[in-house]
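A.B. asks: Using only what follows, build the 3D model:
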Amino acid sequence: MSDSPIPTVDLRPWLSGDAKMRAALAVTVDRALRSAGFLLVTGHGVEPGLRAGIRSAARAFFLLPAEVKQRYAARVGGRGWLGPGAEANGYAEGTETPPDLKESLTFATDEPFEDPVVNAEWYAPNVWPAEVPELRGLCEEYLRRMAALEKELLSLLGCALGLGTDFFSRHMDHPTYGFNINWYPGTEVVGEPRPGQYRIGPHTDFGTVTILDRQAGKGGLQVYTDESGWADAPYDPAAFTVNIGDLLARWTGDRWRSGRHRVLPPPVDAPAEELMSLVYFGECTPGTLVESVPAPVGRVAYPPVDSHVYLREKLDSIAVDRLPGPVTDG
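C.D. replies: Here you go, the predicted structure:
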């Protein structure tokens, strides 16, 4: 751990430490989430080889001809391939920015719900590219690990608020989630960036916690804080970058801030730079009533909201152009 606004938190004391160690960790987490809304998390136990395998298989897909990838085209919030120009994350802040300079493979909740209404809105089979058959098994294992890690993090966050380890995690019986593999190629693929264009425009995430596995780069992640403005996010190859989403910030009555961030365009002095991120967007069980934690823990008393009505509105806000057909996922 450190005194940085975005500290590195070793999860091992939480998983196997005594009460004093767990309490100290909770204090560090609370402090960090009040300022930047971000943490670096080590001691998570997810092997580097699994992450590298996903990147290798996904890159083989992204390098396929556009007409092949088009067979898997999806809309924002769906399952499949989001091609160039599909998303503009700055829209979520009400800013009309050029589309984000990326492509994505997007997957989500893979188990149907008992409620047919919820099922119609939030479940559809994932679409796995036949051209890279190894991707499915790697991603399914990774998503199992992410679901377990998310629940552990939410237990830690409940403790950090002094509300008990199950305050958030009890709403994780059958959660939805999103998983994007974001490919950020160089200018030879995306062209020269337009004014105000980013690999991902300035935004906050929408759900509970986001767990990001990223690569270091000049055109990489920046985080906004009131004290420093925009600054490069600290990087540790062993760590996941974890940030709070809008839903959880609202749940805490804005005690914790939803971490505002962006991904810079390809740098002028390294235009061929290519990066890839694995992004797990944690959510909760559909129908969860999210009520702001009251004072003195919370700061703002928002009206109660259905978690997934809220999430759907957020997802719809960043689509540049919608493909025809029903909404299939968050």
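A.B. asks: Give me the below-cutoff pLDDT ranges for the chain.
C.D. replies: Within the chain, the segments meeting pLDDT under 70 span 1-4, 319-330.
A.B. asks: where along it do the helices fall?
C.D. replies: With DSSP state H, the ranges of helices along the chain come out as 12-16, 19-35, 48-62, 66-69, 116-122, 134-160, 166-169, 187-190, 246-251, 307-316.
A.B. asks: Now render those helices as a markdown table, adding mean neighbour count and distance to R199.
C.D. replies: Backbone N, C-alpha and C define where each C-beta goes, glycine included. What follows is the helices of the chain, written out as a markdown table (neighbours: other CB atoms under 10 Å; distance: least, CB to CB, whole Å):
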| stretch | mean neighbour count | distance to R199 |
| --- | --- | --- |
| helix 12-16 | 15 | 32 |
| helix 19-35 | 17 | 25 |
| helix 48-62 | 17 | 14 |
| helix 66-69 | 13 | 18 |
| helix 116-122 | 15 | 28 |
| helix 134-160 | 19 | 22 |
| helix 166-169 | 19 | 30 |
| helix 187-190 | 16 | 8 |
| helix 246-251 | 24 | 21 |
| helix 307-316 | 19 | 19 |
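A.B. asks: how far away is the closest residue to D232 other than its chain neighbours from V263?
C.D. replies: Using CB to CB, 6 or more residues apart in numbering and skipping the chain neighbours, the partner closest in space to D232 is Q222 (5.7 Å). Using CB to CB, to the nearest Å, Q222 is found at 8 Å from V263.
A.B. asks: Ok, A148 next?
C.D. replies: 27 Å.
A.B. asks: and if you look at D205?
C.D. replies: In terms of CB to CB, D205 sits 13 Å off from V263.
A.B. asks: now do D236
C.D. replies: Taking CB to CB, one finds D236 at 18 Å from V263.
A.B. asks: which one of the two has more residues nearby?
C.D. replies: The neighbour comparison of D236 against V263 (other CB atoms under 10 Å) goes to V263, with 25 against 12.
A.B. asks: wait, the more buried one sits on Q215?
C.D. replies: No. Here V263 lies out of contact with Q215, judged by CB atoms under 8 Å, at a distance of 11.0 Å.
A.B. asks: any common contacting residues for these two?
C.D. replies: S277 (CB atoms under 8 Å, 6 or more residues apart in numbering).
A.B. asks: Show me what counts as buried in stretch 87-102.
C.D. replies: E87, A88, N89, G90, Y91, A92, T97, P98, P99, D100, L101, K102 (16 or more other CB atoms under 10 Å).
A.B. asks: between these, which is nearest L33?
C.D. replies: A92 (20.1 Å; CB to CB).
A.B. asks: Enumerate every residue touching the closest one.
C.D. replies: H203, T204, F206, K314, S317, I318.
A.B. asks: For T204, see how far away it is.
C.D. replies: 7 Å.
A.B. asks: same question, A124
C.D. replies: A124 is 26 Å from T204, by CB to CB.
A.B. asks: Repeat that for Y310.
C.D. replies: 13 Å.
A.B. asks: Overlap of the contact sets of the two?
C.D. replies: Joint contacts of Y310 and T204 (CB under 8 Å, 6+ apart) are D246.
A.B. asks: that older thread, shouldn't the residue nearest to D232 be in contact with A231?
C.D. replies: Yes. With contact defined as CB under 8 Å, Q222 and A231 form a contacting pair (6.3 Å).
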